[in-house]
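**Student:** Curious how this folds, go ahead:
(one chain, ligands or ions: 1)
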Amino acid sequence: MKIVMLGAPGAGKGTYASRLSKRYGIPHISTGDIFRENIKNNTELGQKAKKYMDEGLLVPDELTCDLVMDRISEDDCKKGFILDGFPRTIPQAEALTEALSARGEKMEYALNVVVEDEKIVKRMAGRRSCPNCGAIYHLVTLPPKKEGICDKCGTPLVQRADDKEETVLKRLSIYHEQTEPLIEYYNKQGILHEMSGDADVDKEVLRIAKVLEA
Ligand code: AP5
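**Tutor:** So this is what the prediction gives:
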């Protein structure tokens, strides 16, 4: 099963993608997580990506596209994969379509997670994530069982550097300008489905699973 997650920053793409990844046993590939891991390890890619990410800007396509194409060629992607945060621009989507088509494959589902902008800005202030396993929480709506500690691996949770309000506003404006056109791109391919980014997480995953399994 090949799935691409669409939606604004903070809509809930990562939250849903990690649950769907577990349900279908396919890798959850988040370009944001890959860049953050590279920043943590101070790699050359991390150093280049950091200056864009800290300002809420997109990392240039030339640093992003090959990375994703290499990742989806790995053995664990043979049964499928969930892309979260890629593509983010029409040229990225075209590069992905071409790479899949060269292998005789195509994207099967595009899941667009919808939440209003005003809710997103409030929500980002409460997001906490695990720097070790990537699990995502919210102080109010999805809190960990023990305050400040990851339920899954016991690591102290952190707040992302790009979650301060002015950076979130910048990310939202870039989303509307450069990423939102992807909704129509995948709608034209007849593979677009909407998810509510505001619903009960487990119920919404079950609802979309019925669509994917129909
Ligand atoms: P990335 O990490 O991809 O960030 P993003 O797209 O901005 O999305 P987020 O991870 O912020 O949010 P999300 O939609 O996954 O929401 P989440 O599930 O966490 O990218 C970061 C940066 O990397 C970019 O700005 C860019 O610089 C660079 N980058 C990455 N990919 C790139 C690319 N392809 N090209 C160029 N640059 C790239 O949920 C948010 C919060 O809401 C959480 O607290 C969660 O607990 C809560 N929540 C989720 N669902 C619900 C629900 N149903 N009800 C209540 N609360 C919920």
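**Student:** Could I get the contacting residues of the closest residue to V115 other than its chain neighbours?
**Tutor:** Closest residue to V115 apart from its sequence neighbours, by CB to CB, 6 or more residues apart in numbering: G197 at 3.6 Å. C-beta coordinates here come from the backbone N, C-alpha and C atoms, glycine included. G197 sits next to G7, A11, G12, V113, V114, V115 when contact means CB atoms under 8 Å, 6 or more residues apart in numbering.
**Student:** Over to P9?
**Tutor:** Neighbours of P9 in contact, by CB under 8 Å, 6+ apart: I120, M124, V168, R171, L172, Y175.
**Student:** Out of those residues, which two sit at the greatest distance?
**Tutor:** Pairwise distances across the contacts of P9 peak at 12.6 Å for M124 and Y175 (criterion: CB to CB).
**Student:** Return the closest of the contacts of P9 with respect to the ligand.
**Tutor:** The closest of these to the ligand turns out to be R171 (CB to the nearest ligand atom; 5.1 Å).
**Student:** What's the local residue count around the closest residue to the ligand within the chain?
**Tutor:** At 1.8 Å from the ligand, G32 is the closest residue in the chain, using CB to the nearest ligand atom. By other CB atoms under 10 Å, the residues close to G32 number 20.
**Student:** Identify all contacting residues around the helix or strand harbouring it.
**Tutor:** Per DSSP states H and E, G32 falls inside helix 31-40. Defining contact as CB under 8 Å, 6+ apart, one finds that helix 31-40 is touched by 14, 45-47, 49-50, 53, 59, 64, 67-68, 71, 83-86, 88, 131, 134, 160.
**Student:** Just the buried ones from those, in ChimeraX syntax?
**Tutor:** Those of the contacts of helix 31-40 that count as buried under 16 or more other CB atoms under 10 Å are selected in ChimeraX with:
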select :14,45,46,49,50,53,59,64,67,68,71,83,84,85,86,88,134,160
